[in-house]
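Chemist: Just the structure for this:
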Amino acid sequence: MSEATAPVRRRVDCDAVGGIPLERLAARVGTTPFFAYDRSLIIARMELLRATMPAGLDISYAIKANPMPAVVGHLLGLTDSFDVASAAEMQVALDAGRPAGRISFAGPGKTPAELTQAIAAGVTIEMESEIEAERVAMIGERLGIRPSVAVRVNPDFQVKGSGMRMGGGPQQFGVDAEKVPALLEQVAATDLQFHGFHIFAGSQNLNAEIVCEAQRKTVELARRLADASPLPVRYLNLGGGFGIPYFEKDAPLDLDAIGANLAELLDGEIRTHLPDARVVIELGRYIVGEAGVYVTRVVDRKESRGKTFLVVDGGLHHQLAASGNFGQVIRRDYPVAIGDRTGDDATETVSVVGCLCTPLDLLADGATLPRADVGDLVVVFQAGAYGLTASPTQFLSHPAPSEVLV
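Modeler: This is a model prediction of the structure:
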């Protein structure tokens, strides 16, 4: 059995991160709470992707998953390109040393200032509307630069089973597929350097069959749009959507099946109809999500009418997703552990709550754990993606946590 189809296991243990014992790491960081990312696990995940994805397929890292500069720099030599969702992320990508021609900039509502920065830098702008296309052309003319562009397409199909739907139906993302041919005529009439399409239908999917079906539909849609395009297609971003297991009953994604499907598409439909296209999959969470932990310390232990609470010095202002307030319809706990207690038996049922004055600040509800006391460390797993920068760090004015790559 390959690692791609192996049973669920924690990617970081709770005694050490990157080979450094947890308490020693906390002393090195100097304070709790903190995020810690294991560089060896990021390397292992990229090696797994290279082994299962077909040759000739580019892997792009979606910086929005974790924009920590050290993480981005670590991924520079492991990936083929970066995708950014803001001018600040673009600067991180450029500072890491990625050539502008291998950076794409997606997202609705790019401001004129952001577009100006992107055009001046030379990154590829994935345009999300007719107005944005007009704006890009005007800024390029003003700067005397021919902008590099692609069209983000809102597909005419939906993907079931995704944690977050990014395409199909009415969307703020991309240009509706049926409107793309008219936009391409508009692009052809202006001085824009057109590359191709970005088609991304959904995120955090653990069903390989659904992911493969979405990829086949994406390629078929790209072929139809290419046939209607007055401009050659040299770039096709298939998006990503590869999920990771967060909860007890989640099974890991069957990466082998996805690799086989992509190989078939590359050798068949794409080679036949889009022979000049650089084909990209764009992954963020799948690359870094399981390589990170959030570590917070117990500052109080209290009983309230038969229920035990561990109050920690962190909370949802750092790790919103683990609190259940970032897209969960039915709240479920991320995996949690008591640091340095791997071999201890679980002896009590507790709720782990943060330091914020709101009942929403809940990191674990009714978790069965070894007994913990004031001073012990609580570890929240699957914290490598959409942690710090997806959280309301200014909420109630508590300090921001540290981040380390080890």
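Chemist: any idea how far L206 is from the closest residue to Y286 other than its chain neighbours?
Modeler: Distances taken as Cβ to Cβ, 6 or more residues apart in numbering put F242 closest to Y286, at 3.9 Å, once the chain neighbours are dropped. The C-beta positions use only the backbone N, C-alpha and C, and glycine is treated the same way. Distance, F242 to L206, using Cβ to Cβ, to the nearest Å: 9 Å.
Chemist: Looking at the two, which is more packed in?
Modeler: Taking other Cβ atoms under 10 Å, F242 and L206 do not tie; F242 has more neighbours (23 against 20).
Chemist: The more buried one bridge partners, please.
Modeler: Counting by DSSP bridges, F242 forms beta bridges with N205.
Chemist: start at 31 instead
Modeler: Okay, using 31 as the starting number, the last item reads as F272.
Chemist: wait, isn't it in contact with V318?
Modeler: No: assessed by Cβ atoms under 8 Å, F272 is found out of contact with V318, at 11.9 Å.
Chemist: Could you list the buried residues of stretch 389-397?
Modeler: D391, L392, L393, A394, A397 (16 or more other Cβ atoms under 10 Å).
Chemist: Walk me through the domains of this structure.
Modeler: The chain breaks down by automatic domain parsing into domains covering 97-313, 321-435.
Chemist: Out of these, which gets nearest to A74?
Modeler: Nearest to A74 among the domains of the chain is domain 321-435; the distance by Cβ to Cβ comes to 8.5 Å.
Chemist: and that closest one, how far from the chain's centre?
Modeler: 21 Å (Cα atoms, centre = their mean, to the nearest Å).
Chemist: now swap in stretch 170-181 and tell me
Modeler: Centre to centre, stretch against its chain (Cα atoms, centre = their mean), the figure for stretch 170-181 is 28 Å.
Chemist: Spell out the residue ranges of the helices in the protein.
Modeler: All helices of the chain, identified by DSSP state H, fall at 52-59, 69-82, 99-106, 117-126, 142-151, 160-173, 210-218, 238-257, 285-295, 301-303, 315-318.
Chemist: can you give me the offset of the last one from its chain's centre?
Modeler: Looking back up the chat, that one is helix 315-318. Mean-position distance between helix 315-318 and its chain equals 6 Å (Cα atoms, centre = their mean).
Chemist: can you check stretch 149-165 too?
Modeler: Here stretch 149-165 is found 22 Å from its chain centre; the criterion is Cα atoms, centre = their mean.
Chemist: just stretch 98-113 next, same as before
Modeler: With Cα atoms, centre = their mean as the basis, the mean position of stretch 98-113 lies at 13 Å from the chain mean.
Chemist: Now H225: closest residue in space that isn't a chain neighbour?
Modeler: Closest to H225 by Cβ to Cβ, 6+ apart is Y265, at 3.9 Å.
Chemist: Give the burial count for that neighbour, as a bare number.
Modeler: 22.
Chemist: Equivalent analysis for A420, please.
Modeler: 17.
Chemist: Equivalent analysis for M120, please.
Modeler: Count around M120 with other Cβ under 10 Å applied: 23.
Chemist: contacting residues around A397?
Modeler: Remark: with contacts taken as Cβ atoms under 8 Å, 6 or more residues apart in numbering, A397 is in contact with D363, V366, T379, V380, S381, V382.
Chemist: Distance check, it against A95.
Modeler: Applying Cβ to Cβ to A397 and A95 gives a distance of 26 Å.
Chemist: ditto for I161
Modeler: Using Cβ to Cβ, I161 is found at 28 Å from A95.
Chemist: Flag every buried residue along stretch 269-287.
Modeler: 269-276, 282-287.
Chemist: my bad, stretch 333-350
Modeler: By 16+ other Cβ under 10 Å, the buried positions in stretch 333-350 come out as T338, L340, V341, V342, D343, G344, G345, L346, H347, H348, Q349, L350.
Chemist: Quick check: the farthest pair among those residues?
Modeler: So, the buried residues of stretch 333-350 by Cβ to Cβ: farthest apart are T338 and L350, at 24.0 Å.
Chemist: ok, A115 touching A136?
Modeler: Yes: counting by Cβ under 8 Å, A136 is a contact partner of A115 at 6.1 Å.
Chemist: Give me the more crowded residue out of those two.
Modeler: The residue with more neighbours, out of A115 and A136, is A136; 24 against 20, by other Cβ under 10 Å.
Chemist: so where's the chain shaky on pLDDT?
Modeler: Applying pLDDT under 70 to the chain flags the ranges 31-43, 189-200, 359, 372.
Chemist: Centre of it to the edge, which residue is at the far end?
Modeler: In the chain, the residue that sits farthest from the middle, by Cα atoms, centre = their mean, is R335; the gap is 40.3 Å.
Chemist: list the contacts for E156?
Modeler: Residues in contact with E156 (Cβ under 8 Å, 6+ apart) are S134, F135, A136, V179, A180, V181, R182, H228, N267.
Chemist: and the last one, what are its bridge partners?
Modeler: Applying DSSP bridges to N267 gives these bridge partners: H228, V310.
Chemist: One more: the first one?
Modeler: Legend: beta-bridge partners of S134 under DSSP bridges are D113, T154.
Chemist: For it, the count of nearby residues, please.
Modeler: Using other Cβ under 10 Å, the number of residues around S134 comes to 29.
Chemist: Would you check that it makes contact with D110?
Modeler: No: at 11.4 Å, S134 and D110 do not qualify as touching, with contact defined as Cβ under 8 Å.
Chemist: Identify the contacts common to these two.
Modeler: Contacts common to S134 and D110, judged by Cβ under 8 Å, 6+ apart, are S90.
Chemist: Now do the contacts for the closest residue in space to I274 that isn't next to it in sequence.
Modeler: Nearest residue to I274, sequence neighbours excluded (Cβ to Cβ, 6+ apart): G319, at 4.6 Å. By Cβ under 8 Å, 6+ apart, G319 lies in contact with A95, I274, Q412, A413, G414, A415, Y416.
Chemist: Mind checking which of these are in strands?
Modeler: Judged by DSSP state E, the subset of the contacts of G319 located in strands is empty.
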